[in-house]
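Visitor: no sequence for this one, just the structure:
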């Protein structure tokens, strides 16, 4: 198969595309996979690092206000579509799979009527690119049920290290990796690669006000943020955690944002969670968390309401209740999709089979 993936810009668009690529290559090592992107996005580093070719097209973000870019948009957009068509022709594309973002709209329009294409939506509330593309796609996949009309529920393709994780089996190794006793209760805290100021501030205050008897906090603060306290027997601060699979296996409970990939990973491995949705945007993070919350695997607190007192009053009692933790873990896992990459790869193969009949 010759496959073109469109999902540049942010890690939220790129990571699931690359996870699908890994699954397709596992099934057919002779596949030719090319990712579309722009020189502005994280794909410039992420795609080559995973061993895939990257084809660059001009970035054509939609202007949010009336300015010169708005008037030149039709010309720039037409050029981007033409560039994508050249990529499809040169690579003899059999199928295009888009994951949203401004790289995807030119890809969908370039593929329309020429190459079958599939739209995958990561969030509960789809963005403009996928709302447009879904209207004439050959198939549509979603992570949260009901996000796009007629979509197949596949979940969000995960990294192999997460997809293959059994938390119970990896627990001893994970605790050894972080230097934590097997008997301790572990609270994992993170806010994405850049960290989350509200979460970091509340945890810093919590560390100074609470008695952490038999509790260890693993805290990923983000690369640009300072540690609020020195590492100790009860506090393990990191700028960034490379082995999130081991962090998930070591943890009993997690505090985090509710981006699509975060929610997908946490529910897939079955972790109880407190989600603190990012307060800026169109509200998709709150919606992403809803299936896990409805199942009883997590709860949500508004950014402005997340405080040290909230951790003490609402989270610590659960952390010390083994029955509550076990119930929430099962409920979380009940709505997760460890096999999302396989499901989406099946859909790609089904579309190709229909087209080639």
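Guide: Okay, I see it. Predicted model only: the values in this text are computed from it and were never measured.
Visitor: show me where this structure dips below the pLDDT cut-off.
Guide: Residue ranges of the chain with pLDDT under 70: 61-73, 193-195, 357.
Visitor: outline the domain layout of it.
Guide: 2-158+339-356, 161-334 (automatic domain parsing).
Visitor: now render those domains as JSON lines, adding mean neighbour count.
Guide: For glycine as for every other residue, the C-beta is placed from the backbone atoms N, C-alpha and C. As requested, those are arranged in JSON lines below (neighbours: other CB atoms under 10 Å):
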{"stretch": "domain 2-158+339-356", "mean neighbour count": "20"}
{"stretch": "domain 161-334", "mean neighbour count": "18"}
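Visitor: for residue 166, see how far away the spatially most central residue of the chain is.
Guide: Closest residue to the average C-alpha location of the chain: residue 261 at 1.8 Å, with CA atoms, centre = their mean. Computed with CB to CB, to the nearest Å, the distance linking residue 261 and residue 166 is 20 Å.
Visitor: look up phi and psi at residue 153.
Guide: Per-residue torsions, residue 153: phi -80, psi 110 (degrees, to the nearest 10).
Visitor: about what we covered before: which ones are touching the residue nearest to the centre of the chain?
Guide: Residue 261 is in contact with 11, 12, 15, 16, 122, 156, counting by CB atoms under 8 Å, 6 or more residues apart in numbering.
Visitor: now swap in residue 104 and tell me
Guide: 6, 7, 13, 98, 119, 129, 130, 133.
Visitor: specify which member of those residues is nearest to residue 306.
Guide: residue 13 (26.9 Å; CB to CB).
Visitor: from residue 75, how far off is the residue lying closest to the closest one once chain neighbours are set aside?
Guide: Leaving aside its chain neighbours, residue 13 sits nearest to residue 7 (3.8 Å; criterion: CB to CB, 6 or more residues apart in numbering). Separation of residue 7 from residue 75 (CB to CB): 24 Å.
Visitor: off-centre distance for stretch 125-136?
Guide: Computed by CA atoms, centre = their mean, to the nearest Å, the chain-centroid distance of stretch 125-136 equals 18 Å.
Visitor: scratch that, stretch 27-39
Guide: 20 Å.
Visitor: what's the span of it, first residue to last?
Guide: 30 Å (CA to CA, to the nearest Å).
Visitor: quick revisit: can I assume the residue nearest to the centre of the chain sits in a helix?
Guide: Yes - per DSSP: H, G, I helix; E, B strand; the rest coil, residue 261 lies within a helix segment.
Visitor: what's the distance between it and residue 346?
Guide: Counting by CB to CB - residue 261 and residue 346 are separated by 21 Å.
Visitor: what do you get for residue 282?
Guide: Distance of residue 282 to residue 346, given as CB to CB: 30 Å.
Visitor: list the contacts of residue 292.
Guide: 263, 266, 267, 273, 275, 298, 331, 332, 335.
Visitor: wait, the third one touches residue 333, no?
Guide: Yes - with contact defined as CB atoms under 8 Å, residue 267 reaches residue 333; the gap is 6.7 Å.
Visitor: any shared contact partners between the two?
Guide: Contact with both residue 267 and residue 333 is made by residues residue 297, according to CB under 8 Å, 6+ apart.
Visitor: just say helix, strand or coil for residue 333.
Guide: helix.
Visitor: okay, helices next: where are they in the stretch 251-357 of the chain?
Guide: Assigned by DSSP state H, counting those that start in this stretch, the helices in the stretch 251-357 of the chain fall at 260-269, 284-295, 308-310, 316-319, 322-334, 340-356.
Visitor: distance to residue 27 added to the ones you listed, as CSV?
Guide: Compiled in CSV, those are given as follows (distance: least, CB to CB, whole Å):
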stretch, distance to residue 27
helix 260-269, 20
helix 284-295, 28
helix 308-310, 45
helix 316-319, 41
helix 322-334, 26
helix 340-356, 6
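Visitor: tell me which of these sits nearest to residue 52.
Guide: Short answer: helix 340-356, nearest of those by CB to CB, at 14.8 Å.
Visitor: can you list contacts of that closest one?
Guide: Contacts for helix 340-356 (CB under 8 Å, 6+ apart): 1, 3, 19-20, 22-24, 27, 94-95, 97, 116, 118, 120, 138-139, 141, 143, 152, 154-158, 163, 264, 268, 337.
Visitor: now do stretch 149-166
Guide: 15-17, 19-20, 22-23, 120-122, 134, 139-143, 145, 243-245, 248-249, 260-261, 264-265, 268-269, 336-341, 343-344, 347.
Visitor: now, which of these lie within strands?
Guide: Applying DSSP state E to these, the entries found in strands are 120, 121, 139, 140, 141, 142.
Visitor: measure the fifth one to residue 225 for me?
Guide: The one in question is residue 141. Counting by CB to CB - residue 141 and residue 225 are separated by 35 Å.
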